[in-house]
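> sequence? don't have it. structure:
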């Protein structure tokens, strides 16, 4: 497979395990290509429009690769991250986040004048803010009502609340009610689709048209079946994968494209090695699991604690590596790892192909 | 108090809660000044040389403020962070981390030619690496033996091991054995000082001189008593403080200089508000606690979960804020928060005084 967007990175004769200083965040492009293809295939097989979430990688090159494989557009959670992608040429964006406050609403309006833009709302206060900034817009801003998918996060918790917000949007000058968006908690994809179905039916009964029914999430991506109650799928982590998805059973270790290369700096006991990748490289995200990553090639090793600059790992004495040895650790959660570094080192198999800035990291607002 | 290093930041008439877009990491310089003074005073009162750890702030301006108040030098855990500080004019550095591998050892040698430098070792392999790069150095490199202070991290676990490493250092061309370094686990400062005392005694018996006996940590900073078995104190968090230190009883909420300003973006139930500061702003560090921060002015609010861009907060119904309200959250662990952002917004009371780049963040190696 040749993905044009990735062809700017050309394999070098340098072996990355030899040349990279540690800690280093490394992404294997061969694995990325397979993951990208799998995501695109699953969406296509189920008749769904695919709208990858760029929060995982924050790199324009990868967003373009996702578009090249058939994505209808991207999902972004922040205006600043969307702005980076639009500057790089992406032309269709869903901001899957309530946009609140004048500063952000002005930027949202500005973005809407450059690309096809859609956003979400889960409360009439959010709708009012949008309406205030879009009432005189030449092109209406599409708005989806966010539903709570079981994470106790944002989103209308009942169809009654959702419909109230839907009617607010429909009635507002400058806004266009487009449908519903949900992010299912892991294992709750079926309930999420039922919630979408319920809201869709209510729209039919109440004279609204829900053209977009958007669900998402990598954990249950392979479970989602073709269903009239979903039109769009959003996924972020599928491009890199991580330990949480291996533990959840979605993918295998070989599907994890991102790892942290670390050096053993101390071996204080026969059971313990300490590496130079701590919470500043792997993050403290547990995602409901115990321990902090998979040590490749050491299935019984346990990353039992992280300090900022130290990963504390327990080994069986026969397996314990020595000071100076390098280890590759698949993190619990890839998205937060790429948010920690300014650069990702891309490789293919044993060879380095070059580094890319994580352009949208640190944009914050 | 006037700290010259901080005088470049001049109060503006802008009220930061009104003008900053969220999320924003905010540091109150009035509180920082008090914290800096307290750290310096505690060290002085106990006859200890003070060597602040710059990992917490990663900002040259603040390292200079620490030097101005009498610090003998700084502590850094990474060569890259030390390089930033040396470039900015700091002339005395302890790298409190085993330096392993040719790339880093070459940079360490190079740094040693620019400033007064000391490093640590806890194993003969680390000593060999240092010796290989310093055997022909004009000025010897000072080396402390790291001892395990109960964190199950790096460090010799017994005096026998420590003395073996001490003798290796003493025998190596280009290295100078300077003493011992320990980082006590919280509440274990006394055991740590006993370990230092034991090693010091062994040195006397075995013909070595331990000029430096270095301990540290903000949690027990106020407990450390004048003691012949300690000569140097290292602390990092004391400059900002955080929820972990409030819970531990070291400081009060008013001593916390760093907070994250966040906007309420959703209020899905009467008990729940969701803010735009998630794990990408507050980090998932629990530090042995439950929940993810102190919501200022809402002592009963509970930040019960973080997604990347969402902070999920439980309130009593009467206290629950509304969409658009701004909240200030003191994070569990300040050091990892300043590592997430490119800029810190400095304020004095209600007024903005300017932003400073977190220069050493993202330097990684």
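Yes, it's here. Computed from a prediction, not measured in an experiment: that's the story for all the values here. Numbers count the residues shown, from 1 in each chain, chains lettered A, B, ... in the order given.
> remind me which residues of chain A are low pLDDT?
A:225-226 (pLDDT under 70).
> Can you pull the phi/psi pair for the most centrally placed residue in it?
The residue lying closest to the centre of chain A (Cα atoms, centre = their mean) is residue A:236, at 2.8 Å. Main-chain torsions, residue A:236, degrees, to the nearest 10: phi -120, psi -60.
> what's residue A:348 in contact with, if anything?
By Cβ atoms under 8 Å, 6 or more residues apart in numbering or on different chains, residue A:348 lies in contact with A:11, A:28, A:29, A:30. Heads up, the C-betas are built off the backbone N, CA and C, glycines and all.
> Off-centre distance for the strand or helix carrying residue A:41?
Taking DSSP states H and E as the definition, residue A:41 sits inside helix A:29-45. Between the centre of helix A:29-45 and the centre of its host chain there is 14 Å, according to Cα atoms, centre = their mean, to the nearest Å.
> contacting residues around that helix?
Contacts of helix A:29-45 with the rest of the structure, by Cβ under 8 Å, 6+ apart, involve A:1, A:3, A:6, A:9, A:49-50, A:52, A:62, A:65-66, A:69-71, A:221-222, A:224, A:226, A:233, A:235, A:238-241, A:254-257, A:346-349, A:353.
> ok, back up a step: quickly list what the nearest residue to the residue nearest to the centre of chain A once chain neighbours are set aside is bridged to.
Sequence neighbours aside, residue A:53 is the residue nearest to residue A:236 in space, at 3.2 Å (criterion: Cβ to Cβ, 6 or more residues apart in numbering or on different chains). On the basis of DSSP bridges, residue A:53 is bridged to residue A:75.
> Tell me how many other residues crowd residue A:42.
18 (other Cβ atoms under 10 Å in any protein chain shown).
> nope, residue A:61 is what I was after
17.
> What strand or helix carries it?
For residue A:61, the host element (DSSP H and E) is helix A:60-68.
> how far off helix A:29-45 does that helix point, in degrees?
Angle, helix A:60-68 to helix A:29-45, by axes from the mean of the first three to the mean of the last three Cα atoms, to 10 degrees: 30 degrees.
> Are we agreed that residue A:280 is in a helix?
Yes: judged by DSSP: H, G, I helix; E, B strand; the rest coil, residue A:280 forms part of a helix.
> And it, how close does it get to residue A:40?
34 Å (Cβ to Cβ, to the nearest Å).
> wouldn't residue A:14 be in contact with residue A:354 here?
No: shown here, residue A:14 and residue A:354 do not form a contact pair, counting by Cβ atoms under 8 Å, at 9.9 Å.
> tell me the contacts of residue A:359?
Neighbours of residue A:359 in contact, by Cβ under 8 Å, 6+ apart: A:58, A:59, A:60, A:84, A:88.
> Give me the buried entries from those residues.
Among the contacts of residue A:359, the ones that count as buried by 16 or more other Cβ atoms under 10 Å in any protein chain shown are A:58, A:59, A:60, A:84.
> Chain B: which of the residues you listed is nearest?
Ranked by distance to chain B (Cβ to the nearest Cβ), the buried ones among the contacts of residue A:359 are led by residue A:58 at 10.7 Å.
> How far off centre is stretch A:247-263?
Counting by Cα atoms, centre = their mean, stretch A:247-263 is centred 15 Å from the centre of its parent chain.
> touching chain B at all, it?
Yes: for stretch A:247-263, a contact with chain B is found by Cβ under 8 Å from any Cβ of the partner chain, at residue A:263.
> Also stretch A:168-185?
No: Stretch A:168-185 lies out of reach of chain B by Cβ under 8 Å from any Cβ, never closer than 9.2 Å.
> Nothing else from me, thank you.
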